[in-house]
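K.L.:
generate coordinates for the sequence data below:
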Amino acid sequence: KPLLVVNAYTCDSCGNEIFQEITQKHFTPLTVCPSDVCVRNQTKGQLHMQTRASRFRPFQEVKIQEMADQVPVGHIPRSMTIHLYGTLTRSVNPGDVVHIGGIFIPTPYTGMRALRAGLLQDTFLEAMHVHQLKKQYNTMETTPEIQEAIADLKSDPALYARLANSIAPEIYGHEDVKKALLLLLVGGVTNSRKDGMKIRGDINVCLMGDPGVAKSQLLKYITKVAPRGVYTTGRGSSG
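P.N.:
Numbers count the residues shown, from 1 in each chain. Purely as a prediction, here's the structure:
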């Protein structure tokens, strides 16, 4: 969303434009014109905000969460608020695994919360760099060797079984479950009907089974292979 950097006003008495620099998330708009003309005439001209002359900056607030495999037993994942500005906005999506470098900044509470906070302050990280640890499908690059290997695999009659067996190879068996997870990873094609209804190509999979049959291990492997994935459990989920 746009973040206000410079707020512009127009005086209804003298007609001058007044600019207010915004340095904090919360600010108090100007109401009385401080121009020399209004001061000389001793008139308190009313100011009206003008969005066209104001200056805005792209801004996005995101929350990152600790990886599931790094959470201590019996604890919930820790989270941190990240502020993204300019070209860094829209660079992260839910499920991405990222490294973020920036400046750790404290920010005071506002409103009624500030009266009860005392010396406590909230914190956030002003991001300067975002590095994706997982490549998206549209950013992956291929080489002639990879294209040749793909062409050879196309003619393999056992390609479906080979791809399914490559999912969590340390787990023996569960061929049908692995094939279902493979279809989940590959996805399909979104169909658009003439009446405007869209049928999505991606599917949902619900694994049900007795304890100790490697359901969690299979799902953890899928989150590592997929470009975007979040693994959570009943005790570690906040939603």
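
K.L.:
break down the chain into its strands, ranges please.
P.N.:
Here the chain has its strands, by DSSP state E, at 2-11, 17-21, 47-49, 55-65, 79-85, 98-107, 122-132, 191-192, 198-199.

K.L.:
let's have those strands in CSV, adding mean neighbour count, mean pLDDT and distance to residue 150.
P.N.:
(Each C-beta comes from the backbone N, C-alpha and C, glycine too.) As requested, the strands of the chain are arranged in CSV below (neighbours: other C-beta atoms under 10 Å; pLDDT from 0 to 100; distance: least, C-beta to C-beta, whole Å):
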stretch, mean neighbour count, mean pLDDT, distance to residue 150
strand 2-11, 17, 90, 44
strand 17-21, 14, 90, 55
strand 47-49, 17, 89, 57
strand 55-65, 15, 91, 35
strand 79-85, 16, 92, 36
strand 98-107, 12, 90, 29
strand 122-132, 15, 90, 24
strand 191-192, 10, 84, 26
strand 198-199, 10, 83, 28
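
K.L.:
wait, which of those is closest to residue 220?
P.N.:
Each of the strands of the chain has some distance to residue 220 by C-beta to C-beta; the shortest is strand 55-65, at 15.9 Å.

K.L.:
which residues outside that closest one are in contact with it?
P.N.:
1-6, 8, 77-90, 92, 98, 100, 230 (C-beta atoms under 8 Å, 6 or more residues apart in numbering).

K.L.:
what about residue 27, how many residues nearby?
P.N.:
12 (other C-beta atoms under 10 Å).

K.L.:
next, the distance between the ends of stretch 103-122.
P.N.:
14 Å (C-alpha to C-alpha, to the nearest Å).

K.L.:
relative to residue 100, how far out is the nearest residue to residue 130 once chain neighbours are set aside?
P.N.:
Leaving aside its sequence neighbours, residue 130 sits nearest to residue 91 (C-beta to C-beta, 6 or more residues apart in numbering; 4.9 Å). In this view, residue 91 and residue 100 are 10 Å apart by C-beta to C-beta, to the nearest Å.

K.L.:
overlap of the contact sets of these two?
P.N.:
Going by C-beta under 8 Å, 6+ apart, residues that sit against residue 91 and also against residue 100 are residue 130.

K.L.:
still on that earlier bit, could you dump the strands of the chain to TSV with distance to residue 207?
P.N.:
What follows is those, written out as TSV (distance: least, C-beta to C-beta, whole Å):
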stretch	distance to residue 207
strand 2-11	43
strand 17-21	55
strand 47-49	54
strand 55-65	23
strand 79-85	27
strand 98-107	27
strand 122-132	28
strand 191-192	26
strand 198-199	24
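
K.L.:
list the residues that contact residue 190.
P.N.:
198, 199, 200, 201.

K.L.:
the first one reaches residue 189, doesn't it?
P.N.:
No. Here residue 198 lies out of contact with residue 189, judged by C-beta atoms under 8 Å, at a distance of 11.1 Å.

K.L.:
per-residue pLDDT of the residue most central in space within the chain, please?
P.N.:
With distances taken as C-alpha atoms, centre = their mean, residue 93 lies nearest the centre of the chain, 3.3 Å away. Residue 93 is assigned 84 on the pLDDT scale.

K.L.:
quick one, what contacts it?
P.N.:
Contacts of residue 93 (C-beta under 8 Å, 6+ apart): residue 228.

K.L.:
ok, now how distant is it from residue 155?
P.N.:
If you go by C-beta to C-beta, the gap between residue 93 and residue 155 works out to 36 Å.

K.L.:
before we move on, the earlier item: and of the contacts of residue 190, the nearest to residue 172?
P.N.:
Of the contacts of residue 190, the one sitting nearest to residue 172 (C-beta to C-beta) turns out to be residue 201, at 30.9 Å.

K.L.:
so who does that closest one touch?
P.N.:
187, 188, 189, 190, 191.
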